[in-house]
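J.: Curious how this folds, go ahead:
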Amino acid sequence: MTPIKTTPFSRARRQKTPPLVPASSRELLGRPTNEWLLLLTLAAVQFTVAVDFVIMLPLGPQLMRTFAISTPQFNLAVSAYAFAAGITGFGSALFLDRFDRRNALLVIYAGFALGTLLCALAPAYEWLVFARAFAGCFGGIVGGVALAIVADLVPEARRASAIGTMMSSFSIAQIAGIPLGLYLADKVNWHAPFLVLAFLSGGVWLYAAFRLPTVGGHVTASRAETAATRIWSVITDPNHLRSFGLMAIITLSGFMIFTDLATYLVQNVGLTQEQLRWVYLVGGTATLVSMNVVGRMADYFGPSKIFVIMMICSMFIALGVTHLKPQPAPLVIAMTTIFMICMTGRFVPAMAIMTGCVESRYRGGFMSINSAVSQFCSALAATAAGWMIHDTASHQLQGFTSVGWSYLAIALTGLWLGCRIRPARRQFTVSVLSEF
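T.: Sure thing, here's the model as predicted:
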């Protein structure tokens, strides 16, 4: 029998290219239907919280006119939410892991819905500040509990993309929530967006109460330790401390720009309120796609590599946005869209890194403290931006370029920290959502 000749080309054609991820990980990348339903339910919860939080920023020009307040006073109203969320985040870390995560989320989310209703009914500036603080006491913890549920129920191989899916709610908030909120504020008054959001939150609460599964696999181990012992284990772990530091940096650096971006685009760059809605609509649509793409890339190549890439890209575009002069609206919208893609793109791999660095029995308290750090840094960012930015006689903002340079300096530290966080030694994932 004549042997068949083989050439280097034919051998290479038959040879399979080795996968970039292990076979066991590739098998996990197909997401079950029950897992999709879980993520969409949590995304709906996050959507209402995101709209409530970010709607204050584009409403800034209207609220300052209505209440006759300055930029620092408006920043105080924004900071009230974040400061209150930070305080309750640290307090809730003492006991969150002692309860089923589903029940904890429902109780906290109910308090958030009530706080949003109080914002809608606020008759004066002082009452609005109080209502924002009340909403922050609950709204600031919701995200941490939701991420703890995702980390407990979703395997690590597809966790980054799961976080990207859940965090897409922020993009949908920009696409639908913010433009609709601005429309209601223009056509009715500033109370209307909060009132509609309060009723929407009530509906989401009812759906979540019906659909969310119990998540209590961590309770027995958590109750075996005292609250003081458990919290001490969380706050003294060097890996956890690096994670808290990374959360502080990415929140502080980003929120310093976002707090007054809408006001800057209107008063300095020359956008109208109608064009401002397009900034959030186009940017939100782009990030809805980009966050899921970044999540998939983080699952495939590893979250640390994607985090570094997104952080470096964000530095360049942050400088560009904070140095914008009057330009045609399409150019401004294009730049702010790239800016939003890069800024949200940092969070997806960063959250995958952070949720993976803690054992499940500590995850509720860890995420609560992490949320508290994020909220405190949001408040600090708004306050710091208020110190650097001043209103001129022509009603323009002066000092916004300094905010851009500050972002560059802080982000460099974030790059160093993000590369030093390691996965937890003990990890487990609950079998997939049989009762959902």
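
J.: Helices of the stretch 251-400 of the chain, start to end?
T.: Taking DSSP state H, counting those that start in this stretch, the helices of the stretch 251-400 of the chain run over residues 273-301, 303-322, 329-355, 360-388, 400-418.

J.: So what touches stretch 192-199?
T.: With CB atoms under 8 Å, 6 or more residues apart in numbering as the contact definition, stretch 192-199 has outside contacts at 48, 51-52, 55, 59, 113, 116-117, 119-120, 177, 180-182, 184-185. Backbone N, C-alpha and C define where each C-beta goes, glycine included.

J.: go again using 7 Å as the cut-off
T.: By CB atoms under 7 Å, 6 or more residues apart in numbering, the residues outside stretch 192-199 that reach it are Thr48, Val51, Asp52, Ile55, Ala113, Thr116, Leu117, Cys119, Ala120, Gly181, Leu184, Ala185.

J.: farthest pair in those residues?
T.: Ala113 and Ala185 (19.9 Å; CB to CB).

J.: Quick one: work out the angle between the helix or strand that Trp232 is a member of and helix 360-388.
T.: Here Trp232 sits within helix 227-236, counting by DSSP states H and E. Computed by axes from the mean of the first three to the mean of the last three CA atoms, to 10 degrees, the angle separating helix 227-236 from helix 360-388 equals 60 degrees.

J.: And helix 227-236, what's buried?
T.: Arg230, Ile231, Ser233, Val234 (16 or more other CB atoms under 10 Å).

J.: cool, and stretch 80-91?
T.: So, applying 16+ other CB under 10 Å, buried residues of stretch 80-91: Ala80, Tyr81, Ala82, Phe83, Ala84, Ala85, Gly86, Ile87, Thr88, Gly89, Phe90.

J.: model confidence over that stretch, on average?
T.: Mean per-residue pLDDT for stretch 80-91: 81.

J.: and what of stretch 303-322?
T.: 92.

J.: Could you pull out the buried residues of that stretch?
T.: The neighbour-count check on stretch 303-322 (16+ other CB under 10 Å) flags 303-304, 306-311, 313-315, 317-318, 321-322 as buried.

J.: between the residues you listed, which is nearest Gly414?
T.: Comparing the buried residues of stretch 303-322 against Gly414 with CB to CB places Met311 closest, at 6.2 Å.

J.: quick one: contacts for the closest one?
T.: Arg346, Ala411, Gly414, Leu415.

J.: Identify the residues contacting the third one.
T.: What it means is Gly414. Leu246, Ile249, Ile250, Ser253, Met311.

J.: quick one, what contacts the second one?
T.: The contact partners of Ile249, taken as CB under 7 Å, 6+ apart, are Ile410, Thr413, Gly414, Leu417.

J.: in a strand, that's where it is, yeah?
T.: No - in this structure, Ile249 is helix, not part of a strand, as judged by DSSP: H, G, I helix; E, B strand; the rest coil.

J.: which residue sits closest to Ala176, ignoring its sequence neighbours?
T.: Spatial nearest neighbour of Ala176, excluding adjacent residues (CB to CB, 6 or more residues apart in numbering): Gly284 at 7.8 Å.

J.: and the residue nearest to Ser253 when sequence neighbours are not counted, what is it in contact with?
T.: The shortest distance from Ser253 to any non-neighbouring residue, by CB to CB, 6+ apart, is to Ile410 (4.1 Å). Neighbouring residues of Ile410 by CB under 7 Å, 6+ apart: Ile249, Leu252, Ser253.

J.: okay if I get these as JSON lines plus pLDDT and distance to Tyr125?
T.: JSON lines is the format used below for the contacts of Ile410 (pLDDT from 0 to 100; distance: CB to CB, whole Å):
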{"residue": "Ile249", "pLDDT": "90", "distance to Tyr125": "32"}
{"residue": "Leu252", "pLDDT": "88", "distance to Tyr125": "26"}
{"residue": "Ser253", "pLDDT": "87", "distance to Tyr125": "29"}
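
J.: Make TSV from these and add distance to Asn292 to it.
T.: TSV is the format used below for these (distance: CB to CB, whole Å):
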residue	distance to Asn292
Ile249	24
Leu252	26
Ser253	23
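
J.: Closest to Asp152 out of these?
T.: For the contacts of Ile410, the residue nearest Asp152 by CB to CB is Ile249; the value is 25.9 Å.
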